[in-house]
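Chemist: everything below, folded, please.
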Amino acid sequence: MPGGRLTQQERQQIALGLADDLPYAEIARRLDRPTSTITREVMRNGGPTGYRADLAHRATEQRAHRRRQTATRDAQAPARAGERNGRDDEAVREYEETLATVFMQSGLPKMTARVLVALFTTDAGSLTAAELVQHLRISPASVSKAVAFLDGQGLIRRERDERRRERYIVDNDVWFQSIIATARAHAQLVETARQGVTVLGPGTPAAARLENVARFVDFVSESIVRAAEQARDVLFTEQKPEPAGNDPSGNHPSQKRPSENHPSENHPSEK
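Modeler: Alright, predicted model coming up:
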């Protein structure tokens, strides 16, 4: 599978594929590229309906030019919040773009997705507006708008540090609370759908349709909340280094599947 940046000819093939309503996976197969490469390319350049090969190629060249202009300064400046730790800066940038694409596919606006990625990928778990501006090279107004959206969705929280600066934080409990907030929104949908059953008349096709939607969403939402509450402790599990002498396959002895245990541990009747 070839590496390196997409060529102008490849971008033209992507545009043709989108015009033919081909899925990203099929376009990637024809170009012998990873599907994630095609997805990221399209999402960062107008989306499936707005993608233009020439504009995408020009935008990529401009980004590369800006990176070259700032390469020396970046090498001399401290990494974000003091984080370099031997990391490959280019690999980190590529990963941030990939994760932002995933967030965009889930419905987040592009700039909001980039801000959320920056918060998730900093070791500190929090950044100030000034740090976000510096890291993402965007305007304070863009940061303010993205933060307001994320705060409204329960995806971040705000705190004042010792210097009275507002910090935007993503921590483990924020993710749990976001799931609960989504469940509350689903509950509102369920209630409104059932109001429609009364208005449209029980027994009518439209009312039956709304009742089925309400039952489905109610069941799924309740299941999600129950699963989130049961798994909440996973969010606070500390990741510890693997001790020496583990199974070469990478399986920890305590992580064996039930079928790998002694039969008496699985079937009490066989003792």
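
Chemist: could you look up the SS state of G107?
Modeler: Classification of G107 using DSSP: H, G, I helix; E, B strand; the rest coil returns coil.

Chemist: torsion angles phi and psi at it?
Modeler: phi 120, psi 0 (degrees, to the nearest 10).

Chemist: give the contact list for it.
Modeler: When the contact criterion is Cβ atoms under 8 Å, 6 or more residues apart in numbering, G107 has no partners at all. All C-beta spots, glycine's among them, are computed from the backbone N, C-alpha and C.

Chemist: cool, the one 4 residues further on as well?
Modeler: If you count contacts by Cβ under 8 Å, 6+ apart, M111 has them with I138, S142, K145, A146.

Chemist: measure it to T35 for me?
Modeler: Distance of M111 to T35, computed by Cβ to Cβ, to the nearest Å: 24 Å.

Chemist: check Q8 too.
Modeler: Q8 is 21 Å from T35, where distance means Cβ to Cβ.

Chemist: ok, back up a step: so which of the contacts of M111 wins on neighbours?
Modeler: Ranked by neighbour count (other Cβ atoms under 10 Å), the contacts of M111 have A146 at the top, with 25 neighbours.

Chemist: how much space separates it from T98?
Modeler: Counting by Cβ to Cβ, the separation of A146 from T98 is 19 Å.

Chemist: relative to L119, how far out is the nearest residue to A214 once chain neighbours are set aside?
Modeler: Leaving aside its sequence neighbours, A214 sits nearest to A193 (Cβ to Cβ, 6 or more residues apart in numbering; 3.9 Å). Distance, A193 to L119, by Cβ to Cβ: 35 Å.

Chemist: so between the two, which is more surrounded?
Modeler: More neighbours surround L119 than the other of A193 and L119, with 24 against 20 (other Cβ under 10 Å).

Chemist: residues contacting that one?
Modeler: G125, S126, L127, I156, Y168, I169, V170.

Chemist: quickly find the element holding R184.
Modeler: R184 belongs to helix 172-200 when elements are defined using DSSP states H and E.

Chemist: next, the buried residues of that helix.
Modeler: Residues of helix 172-200 classed as buried: 174, 176, 178-179, 182-183, 186, 190, 193-194, 196-197, 200 (neighbour count, 16 or more other Cβ atoms under 10 Å).

Chemist: assumed D233 was part of a helix.
Modeler: Yes - counting by three-state DSSP, D233 is found in a helix.

Chemist: quick check: pLDDT value at it.
Modeler: In the prediction, the pLDDT value recorded for D233 is 86.
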